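Enquirer: Below is the sequence, then the predicted model.
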Amino acid sequence: MSLEGNVSISLLLAKQGVQQAVVKSQRPLLAQPLLASSEAKDAPQKVGLVFNLCAKAQACASVYAIEQASQNQASKDACGIRAQLVRMELIREHLWRICLDWPELRGGQAEKALMKQVLLLDKEWEACLDVDNQAFVLDGDVKPPLKAKASSIALKLGTLLKEHIFYMPPKAFYECKSAEGYLLWAQYTQMNVPQLIQSLVHRGWQGVGQAETKILPDFDLAWLESVLSSDGAESFMKQPDINGEAYESTPYARQQSHPLIVELEQKYGLGLLVRFTAVLLELAATYLDLEKALMQFEAKCDVVGSAAENTGFGAVEAARGRLLHRVVLDEAQKVKTYQIVAPTEWNFHPDGVLKNALETLQGDEASIEQQAKLLIHAMDPCVKFNLEINHA
């Protein structure tokens, strides 16, 4: 098994379709063995290096947890810079899937050159906002960002999104409320993103994967503390639930109230069309938040309520869902306990939404395999996945 682990998914087919789906996240719990006894101030940097997928979100959740546990308060500039770095990372991660995976899901070719442009903008953004790499350092001496340079990078990103992803300004795309207008856009725009949406319509797969789901609510701090300080904490981190029920934390979970999502879901149910559309809306919304924050730099820090002495929580909405860190420090301000609950463990829970969606699939083996891959990519695990298909 790799350092990051993987997600194992197996389907048992019967005559009518999927008889049983088994979803198992095989991700080792690395935080405690890697970070125990570390100096508190060193933990966020270690986290960002070890957990390199969504490293900014990981470091951000970590530093908020450490600050809360050590009763340090981040500066307004640090909070604003962190938020902007996490936003760009979320945009980059969604574009990674959109540029490289989505074309192949419909039989096309990955847009590698476009992704290179995105990665370049991401590097420029980090260099502009966090010149001395102090944003995720406890008591870091952050410098105010170079607003003119940051605005120039944001403009380039907005142009890229307009010309290669939405084929309209991100704001115009996000303001789309009509399912009819959206599907016409997909039908008549002959480029990567709308062609994937159109391929779902052409195959009649808009509603594939409809399954009941529960959206992960805001965390209750007292409940979190009771769960993560108990003997069952390890089991919870591997298979989190609330009162025995699985919840999801996905782009759909964050975009479910958007008028376009509401109308599409009413017409086609919560299936592939709604889930892929939610990713696009979140991409547009995050860019708009990034652009807005350049004009009015926010000062809010993402802390999770108030915790017990020497205990801290940090929660960040990363590309794949809500990421939670909990840290307990000893009297010497060294890490005593370090715990991470990742979004993959919610979304790819053995009794969760993906399992339920997969067990609705019908058709021949080739169609089921294609539909399963689309569902998995629409929910997007943090690690690689293996899909195995067997016959009853």
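Expert: Perfect, thanks for sending it. Not measured: the values here are computed from a predicted model.

Enquirer: and residue 4, what pLDDT?
Expert: With respect to pLDDT, residue 4 scores 67.

Enquirer: What is the burial count for residue 243?
Expert: 5 (other Cβ atoms under 10 Å). In short, each C-beta sits where N, CA and C put it, glycine included.

Enquirer: repeat for residue 174
Expert: By other Cβ under 10 Å, 22 other residues sit near residue 174.

Enquirer: Verify the contact between residue 75 and residue 141 for me.
Expert: No: Residue 75 is beyond contact range of residue 141, at 9.0 Å (criterion: Cβ atoms under 8 Å).

Enquirer: Those two: which is more packed in?
Expert: Ranked by neighbour count (other Cβ under 10 Å), residue 75 and residue 141 place residue 75 first, with 14 against 10.

Enquirer: The more buried one and residue 180: what is the separation?
Expert: Going from residue 75 to residue 180 by Cβ to Cβ, to the nearest Å gives 48 Å.

Enquirer: go on, residue 340?
Expert: 43 Å.

Enquirer: ok, those two, which is more surrounded?
Expert: Remark: of residue 340 and residue 180, residue 340 carries more neighbours, 24 against 9, as counted by other Cβ under 10 Å.

Enquirer: ok, for the more buried one, nearest residue in space, not its chain neighbours?
Expert: Of all residues not flanking residue 340 in the chain, residue 31 sits nearest, at 4.7 Å (Cβ to Cβ, 6 or more residues apart in numbering).

Enquirer: before we move on, what about residue 28?
Expert: Distance criterion Cβ to Cβ, 6+ apart; nearest residue to residue 28, sequence neighbours excluded, is residue 5 at 5.5 Å.

Enquirer: I'd assumed residue 27 was in contact with the one you found.
Expert: Yes: at 3.6 Å, residue 5 counts as touching residue 27 under the criterion of Cβ under 8 Å.

Enquirer: what sits in contact with each of these two?
Expert: Taking Cβ atoms under 8 Å, 6 or more residues apart in numbering as the contact rule, the neighbours common to residue 5 and residue 27 are residue 383.

Enquirer: Counting neighbours, go ahead and name the busier of the two.
Expert: With neighbours defined as other Cβ under 10 Å, residue 5 and residue 27 compare such that residue 27 has more, 23 against 18.

Enquirer: quick one: contacts for the more buried one?
Expert: Contacts here follow Cβ under 8 Å, 6+ apart; on that basis residue 27 touches 4-7, 238, 342, 344-345, 382-383.

Enquirer: between those, which has the most around it?
Expert: Within those, neighbour counts (other Cβ under 10 Å) peak at residue 342, which reaches 28 neighbours.

Enquirer: That one against residue 382, yeah?
Expert: Yes: counting by Cβ under 8 Å, residue 342 touches residue 382, with 5.9 Å between them.

Enquirer: For residue 99, which residues are in contact?
Expert: Contacts of residue 99 by Cβ under 8 Å, 6+ apart are 110-112, 114-115, 118, 192.

Enquirer: Same question for residue 239.
Expert: For residue 239, the contacting residues are 25, 345, 349-350, by Cβ under 8 Å, 6+ apart.

Enquirer: Could you check the pLDDT of it?
Expert: On pLDDT, residue 239 comes in at 95.

Enquirer: cool, residue 196 as well?
Expert: Reported pLDDT at residue 196 in the predicted model: 96.

Enquirer: That one is in what secondary structure piece?
Expert: helix 192-203 (DSSP states H and E).

Enquirer: contact partners of that helix?
Expert: Helix 192-203 has contacts (Cβ under 8 Å, 6+ apart) with 98-99, 102-103, 105-106, 108, 111, 164-167, 182-183, 185-187, 189, 206, 208, 272-273, 276-277, 280, 374.

Enquirer: Understood, closing this out.
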